[in-house]
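Novice: No letters, just coordinates:
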C-alpha cells in the first residue's frame with residue numbers, strides 16, 4: 001500500500017478546540033500530502049446553531065493546508081458515537097486504513113509520521129488491530145521505541161479495514177468476570193463501567209465496544225514510548241468531558257524509528273500501567289487496589 005493514510009476529524013461546536021487541532025495537524029510532517037476529511041455534527045438544539053456554524057467557518061480556513069481537504073456538515077445531530085462509527089467505516093472501507101482524530105486533541109509534529117509508519121509496518125500483522133498516538137504518562141522504562149498494550153486508546157489513533165471489520169456495537173453484549181478483569185487491568189481502572197452505562201442508556205459511546213472487539217479477537221494496540229498527542233478537552237466542554245487533567249504529559253521530541261516485532265504485552269509494561277491507574281484512583285479505591293496491585297504484580301517493586 002503506497003501513499004499516506006487519510007485522516008478523519010470529528011468536530012461539533014467548539015471552535016477553539018478544532019482550531020488548535022487543525023493548526024497542530026497542519027504543522028505535522030506529511031500534512032501537505034495528506035487527505036483530510038472533517039465531519040461536523042449538526043446542532044442538538046437551536047442554541048447550538050451559531051456555535052456549529054462558527055466551527056464550519058474555522059474549519060474552512062484550513063482548506064489550503066493539506067493535500068486534499070473535505071468537509072461534511074450534518075444537517076441534524078447524530079451524536080459522537082454514531083458519527084465516528086459511520087465516518088471511520090466509510091473512510092477505512094474506501095482506503096483500507098484511516099487515522100482518526102477528535103476536536104479536543106493537540107498533536108506533536110511527528111504524529112503523522114509515526115501513524116503512517118506503523119500503518120505500513122503492521123499492516124499484515126493480525127495481532128495488531130490499533131495504533132495509538134497517545135501514551136499514558138507512565139515510566140515504561142523500555143528499550144524499544146514502541147510497545148504493545150491491550151487497550152485501544154482513542155486519543156489520536158489509526159486502524160485498518162481488516163481490523164475495523166471486526167468492530168461490533170452489540171447492545172446486548174455480556175462480559176464474563178475474566179473479561180472484565182482483563183479489560184480493567186485487574187480492577188486498577190474501570191473501563192468496563194462504560195459498557196454498563198451504555199447498556200443502562202446513561203451514555204452512548206463507541207470506545208468500549210471497540211475495546212471489547214479487540215480483546216475478543218486477541219488484538220493488541222501499538223503505542224509510542226512517549227505520547228505524540230495531548231488532550232486539550234479537559235475543560236468539561238465535551239460530550240463526556242471532565243475538568244481535571246490526569247492524563248497529559250510532555251510530547252516525545254522525535255517520532256519512534258525502531259519498530260518492535262515482538263508483539264506482546266510485557267509484564268513490565270502491564271505493571272507500569274496498573275501502577276499509574278492505581279496512582280490516579282481515589283482514596284477509597286487506593287486502599288482496595290493496593291492489595292490487588294501487590295498480588296497481581298508481586299514480582300515487581302513499587
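Specialist: Nice, thanks for sending it over. This is a predicted model, so every value here is computed, not measured.

Novice: Residue 27: how many residues sit nearby?
Specialist: For residue 27, the count of nearby residues is 13 (other Cβ atoms under 10 Å). Quick note: C-beta positions are derived from backbone N, CA and C, even for glycine.

Novice: Quick check: residue 195 vs residue 145, distance?
Specialist: Computed as Cβ to Cβ, to the nearest Å, the residue 195 to residue 145 distance reads 33 Å.

Novice: if you count what's nearby, which of these two comes out ahead?
Specialist: Neighbours of residue 195 and residue 145, each counted by other Cβ under 10 Å, are more numerous for residue 195; the result is 21 against 18.

Novice: Quick check: residue 112 touching residue 33?
Specialist: No: between residue 112 and residue 33 there is no contact under Cβ atoms under 8 Å: 9.5 Å.

Novice: Point out where the stretch 101-250 of the chain drops to low pLDDT.
Specialist: Flagging of the stretch 101-250 of the chain using pLDDT under 70 yields the residue ranges 140, 142-143, 233-250.

Novice: those strands in it, which residues are they?
Specialist: Ranges of strands in the stretch 101-250 of the chain, per DSSP state E, counting those that start in this stretch, are 105-107, 128-132, 146-149, 157-160, 220-224, 229-231.

Novice: Can you add mean neighbour count and give those strands back as TSV?
Specialist: Formatted as TSV, the strands of the stretch 101-250 of the chain follow (neighbours: other Cβ atoms under 10 Å):
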stretch	mean neighbour count
strand 105-107	23
strand 128-132	26
strand 146-149	22
strand 157-160	25
strand 220-224	24
strand 229-231	22
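
Novice: Any idea which of these gets closest to residue 207?
Specialist: Set against residue 207 and scored by Cβ to Cβ, the strands of the stretch 101-250 of the chain come closest in strand 157-160, at 9.9 Å.

Novice: what's in contact with the lengthiest helix in the chain?
Specialist: Longest helix in the chain, counting residues (DSSP state H): helix 80-95. Here helix 80-95 makes contact (Cβ atoms under 8 Å, 6 or more residues apart in numbering) with 5-6, 8, 10, 12, 37, 39, 41, 74, 78, 98, 100, 102, 159-161, 164, 167, 169, 204-206, 239.

Novice: In that helix, which residues are buried?
Specialist: Within helix 80-95, the residues that count as buried by 16 or more other Cβ atoms under 10 Å are 80, 81, 83, 84, 85, 87, 88, 91, 92, 95.

Novice: Check stretch 207-227 too.
Specialist: Applying 16+ other Cβ under 10 Å to stretch 207-227 flags 207-215, 219-227 as buried.

Novice: Ok, stretch 66-85 next?
Specialist: Within stretch 66-85, the residues scored as buried using 16+ other Cβ under 10 Å are 66, 69, 71, 74, 77, 78, 79, 80, 81, 83, 84, 85.

Novice: Can you tell me which of those comes closest to residue 126?
Specialist: Set against residue 126, the nearest of the buried residues of stretch 66-85 by Cβ to Cβ is residue 85 (21.9 Å).

Novice: Could you check how far the closest one is from residue 8?
Specialist: 12 Å.

Novice: Run through the helices of the stretch 1-150 of the chain in chain order.
Specialist: Counting by DSSP state H, counting those that start in this stretch, the stretch 1-150 of the chain has helices at residues 15-26, 49-60, 80-95, 111-121.

Novice: same question, the stretch 201-302 of the chain
Specialist: Under DSSP H, counting those that start in this stretch, the stretch 201-302 of the chain gives helices at 207-216, 267-279, 283-296.

Novice: ok so, going back, now the longest helix of the chain: average pLDDT?
Specialist: Taken as a whole, helix 80-95 carries a mean pLDDT of 97.

Novice: Please name the residues that touch the residue most central in space within the chain.
Specialist: With distances taken as Cα atoms, centre = their mean, residue 154 lies nearest the centre of the chain, 1.1 Å away. The contact partners of residue 154, by Cβ under 8 Å, 6+ apart, come to 100, 102, 132, 207, 210.

Novice: Now do the fourth one against residue 169, distance only.
Specialist: Note on residue 207: its distance to residue 169, by Cβ to Cβ, is 10 Å.

Novice: residues shared between the contacts of those two?
Specialist: Applying Cβ under 8 Å, 6+ apart, one finds that no residue jointly contacts residue 207 and residue 169.

Novice: Report the contact partners of the closest residue to residue 269 other than its chain neighbours.
Specialist: Of all residues not flanking residue 269 in the chain, residue 147 sits nearest, at 5.2 Å (Cβ to Cβ, 6 or more residues apart in numbering). Contact partners of residue 147, counting by Cβ under 8 Å, 6+ apart, are 140, 222, 223, 225, 260, 266, 269.

Novice: let's see it at 7 Å
Specialist: Applying Cβ atoms under 7 Å, 6 or more residues apart in numbering to residue 147 gives the contacts 140, 223, 225, 260, 269.
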